[in-house]
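A.B. asks: this is the structure alone, sequence omitted:
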Ligand code: ADP
Ligand code: MG
């Protein structure tokens, strides 16, 4: 190895080390080996394609700054990806990629069985020391147990969370599935568990990720032909938190890969924490085998908080923000915003803002105005899934029937009503409504809306349906 490559890289590392978290540095920079320097191009060797992509995604800026400091404006970084052959062949498999040209990544996937029990087979994602080093957990330290106030509505979920964080992987709450409606604290609680585990077990690798981002990463890994690296990465985690798993519905590829990761983690006594806006029984388009695993541990519901809890959440928030507010105002807000803690906080924030912008005193009158706006603006927040569920319950059929291709009159009417309410109560486009309600096109939805309008003007029974459903769907 050339000493110049080494010395340039050492200087880069010193700069990088000063600018990022020590753990990130250990995980992502210590394993890099400087290999060669030619003109203004430094070649470094990284342990895997996934590693390279992680660097490119998260650290390309700092790498650029560091290298330009050393080699001037035209500095270039060349990654050499080292991969060990899976089947124990000592011959290293090497690949060279110019950092400026991602498309030059050659796909050369290594096929590793997912549940790899055979010690002969080697994991290609070998990062020295990674098991002892934490991957950046993506946790938000502001979401902790201390400021997650307890109430009847969350007691079970909260204590289950505490039990899990006391003994991750060591309770029967594995997976722990936290479910409940929008803005009731699922994300907060999931983070709190992770934050607490990191506190108690600094050596554990905790990772928080939304199901949406997980899906995106998975799709990318398929595109870039490193699905196995993706899987191995997740199999290294000790505590995996996946937020909003309902997002996986209908995404069979991601469900499949998650199924394998889940099994691996579970078999190895690792903790999995999931959140969802529905109970497992109500989840749609999630494979049965995955659903059954969701039910292995504990499903704990976050319910809407009662009045007392709402008041204490508000008081706690005001206290932490250093704002004083008369009790009657706090109670007024807590009394009128019931179904969503995020909105509850939003209303208080906007109340504070209103009063300081307009130099108005915070009084009941102002509280009324703010709350009214909030309640009005948020009234319509129902999902198309929810509408379909309510409509099919009302007509005593299941959602599959409602979505089916049948021309039976009462089913067609139910479907048209679902479309009508989806148009009325959500911001979704006609096309999107159509695709979610039985894969129809936008013209069908438009026709449905017109039909419902016409029928409710001419048919008494039908008008009654519309009225009943309007009541059931009003939040
Ligand atoms: P969800 O993920 O269920 O939609 P979030 O976790 O994002 O909801 O919570 C919405 C807001 O309400 C966040 O600001 C969170 O801090 C707050 N919140 C939720 N539950 C509580 C609680 N029990 N105590 C204090 N704040 C809470
Ligand atoms: Mg959330």
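C.D. replies: Looks like it arrived, so ask away. None of these values were measured; they are calculated from a predicted model. Ligands and ions are numbered 1, 2, ... in the order given.
A.B. asks: going by C-alpha atoms from here, please, whenever you check contacts or count neighbours.
C.D. replies: Fine.
A.B. asks: backbone dihedrals for residue 138, please?
C.D. replies: The phi and psi values for residue 138, taken as degrees, to the nearest 10, are phi 60, psi 20.
A.B. asks: sec struct for the residue of the stretch 251-400 of the chain found nearest ligand 1, please.
C.D. replies: Nearest residue of the stretch 251-400 of the chain to ligand 1 (C-alpha to the nearest ligand atom) works out as residue 342 at 3.9 Å. Here residue 342 is recorded as helix under DSSP: H, G, I helix; E, B strand; the rest coil.
A.B. asks: now do the same for it: its pLDDT.
C.D. replies: Here, the pLDDT recorded for residue 342 equals 91.
A.B. asks: how about the helices of the stretch 351-475 of the chain, start to end?
C.D. replies: Counting by DSSP state H, counting those that start in this stretch, residue ranges of the helices within the stretch 351-475 of the chain are 364-378, 384-394, 399-403, 409-425, 430-436, 442-458, 460-473.
A.B. asks: let's have the ones you listed in JSON lines, adding mean neighbour count, mean pLDDT and distance to ligand 1.
C.D. replies: Rendered in JSON lines, the data for the helices of the stretch 351-475 of the chain read as follows (neighbours: other C-alpha atoms under 10 Å; pLDDT from 0 to 100; distance: least, C-alpha to the nearest ligand atom, whole Å):
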{"stretch": "helix 364-378", "mean neighbour count": "15", "mean pLDDT": "80", "distance to ligand 1": "14"}
{"stretch": "helix 384-394", "mean neighbour count": "19", "mean pLDDT": "94", "distance to ligand 1": "16"}
{"stretch": "helix 399-403", "mean neighbour count": "18", "mean pLDDT": "95", "distance to ligand 1": "24"}
{"stretch": "helix 409-425", "mean neighbour count": "21", "mean pLDDT": "95", "distance to ligand 1": "19"}
{"stretch": "helix 430-436", "mean neighbour count": "19", "mean pLDDT": "91", "distance to ligand 1": "22"}
{"stretch": "helix 442-458", "mean neighbour count": "16", "mean pLDDT": "94", "distance to ligand 1": "29"}
{"stretch": "helix 460-473", "mean neighbour count": "14", "mean pLDDT": "93", "distance to ligand 1": "20"}
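A.B. asks: okay if I get the ones you listed as JSON lines plus distance to residue 168?
C.D. replies: Shown next, in JSON lines, are these (distance: least, C-alpha to C-alpha, whole Å):
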{"stretch": "helix 364-378", "distance to residue 168": "37"}
{"stretch": "helix 384-394", "distance to residue 168": "33"}
{"stretch": "helix 399-403", "distance to residue 168": "37"}
{"stretch": "helix 409-425", "distance to residue 168": "41"}
{"stretch": "helix 430-436", "distance to residue 168": "38"}
{"stretch": "helix 442-458", "distance to residue 168": "48"}
{"stretch": "helix 460-473", "distance to residue 168": "40"}
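A.B. asks: show me the shaky parts of the chain.
C.D. replies: For the chain, residues meeting the criterion pLDDT under 70 lie at 1-3, 50, 83-134, 376-381, 475.
A.B. asks: count of neighbours near residue 230?
C.D. replies: Neighbour count for residue 230, taken as other C-alpha atoms under 10 Å: 22.
A.B. asks: which secondary structure state does it sit in?
C.D. replies: Following three-state DSSP, the label given to residue 230 is helix.
A.B. asks: so the closest residue to it other than its chain neighbours is in which element?
C.D. replies: When the adjacent residues along the chain are set aside, residue 230 lies closest to residue 221, with 6.4 Å between them (C-alpha to C-alpha, 6 or more residues apart in numbering). Using DSSP states H and E, residue 221 sits within helix 211-223.
A.B. asks: which of the residues in that helix are buried?
C.D. replies: Of the residues in helix 211-223, 211-212, 214-215, 218, 221 count as buried by neighbour count, 16 or more other C-alpha atoms under 10 Å.
A.B. asks: ok, and does that helix reach over to ligand 1?
C.D. replies: No. Helix 211-223 is not in contact with ligand 1 by C-alpha under 6 Å from any ligand atom; minimum separation 12.4 Å.
A.B. asks: which strands and helices sit next to that helix?
C.D. replies: Applying 3 or more C-alpha pairs under 8 Å, 6 or more residues apart in numbering; DSSP states H and E, we find helix 211-223 packed against helix 227-235, helix 252-267.
A.B. asks: residue 290 touches residue 259, doesn't it?
C.D. replies: Yes. With contacts counted by C-alpha atoms under 8 Å, residue 290 reaches residue 259, the gap being 6.2 Å.
A.B. asks: identify the contacts common to the two.
C.D. replies: Common contact partners of residue 290 and residue 259 (C-alpha atoms under 8 Å, 6 or more residues apart in numbering): none.
A.B. asks: if you drop the residues flanking it in sequence, what lies closest to the most centrally placed residue in the chain?
C.D. replies: In the chain, the residue lying closest to the centroid (C-alpha atoms, centre = their mean) is residue 210, at 1.3 Å. Spatial nearest neighbour of residue 210, chain neighbours left out: residue 243 (4.4 Å); criterion: C-alpha to C-alpha, 6+ apart.
A.B. asks: neighbours of that neighbour, just the number please.
C.D. replies: Using other C-alpha under 10 Å, the number of residues around residue 243 comes to 25.
A.B. asks: which phi and psi does it have?
C.D. replies: phi -90, psi 140.
A.B. asks: helix, strand, or coil at residue 182?
C.D. replies: In three-state terms, and counting by three-state DSSP, residue 182 is coil.
A.B. asks: my guess is it meets residue 278, correct?
C.D. replies: No. Residue 182 is not in contact with residue 278 according to C-alpha under 8 Å; the separation is 10.0 Å.
A.B. asks: ligand 1 contacts on this structure?
C.D. replies: 147-150, 182-188, 313, 341-342.
A.B. asks: would CSV of those residues with neighbour count and distance to residue 419 be doable?
C.D. replies: Below are these laid out as CSV (neighbours: other C-alpha atoms under 10 Å; distance: C-alpha to C-alpha, whole Å):
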residue, neighbour count, distance to residue 419
147, 15, 41
148, 17, 38
149, 15, 39
150, 18, 39
182, 20, 22
183, 17, 25
184, 23, 27
185, 23, 30
186, 25, 29
187, 23, 30
188, 19, 33
313, 22, 37
341, 20, 29
342, 13, 28
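A.B. asks: show me the contacts for residue 209.
C.D. replies: 138, 240-243.
A.B. asks: and which of those is nearest ligand 1?
C.D. replies: The closest of the contacts of residue 209, once distances to ligand 1 are taken by C-alpha to the nearest ligand atom, is residue 243, at 7.9 Å.
A.B. asks: what ranges do the strands span in the stretch 101-250 of the chain?
C.D. replies: Remark: strands assigned in the stretch 101-250 of the chain by DSSP state E, counting those that start in this stretch are 176-180, 206-210, 239-243.
A.B. asks: ok, which of the ones you listed comes nearest residue 73?
C.D. replies: When those are compared by C-alpha to C-alpha, strand 206-210 sits nearest residue 73, at 36.0 Å.
A.B. asks: walk me through which strands the closest one pairs with, and which way each runs.
C.D. replies: strand 239-243 (parallel) (DSSP bridges).
A.B. asks: report the angle between the axes of the strand it pairs with and helix 227-235?
C.D. replies: Using axes from the mean of the first three to the mean of the last three C-alpha atoms, to 10 degrees, the direction of strand 239-243 lies 110 degrees away from that of helix 227-235.
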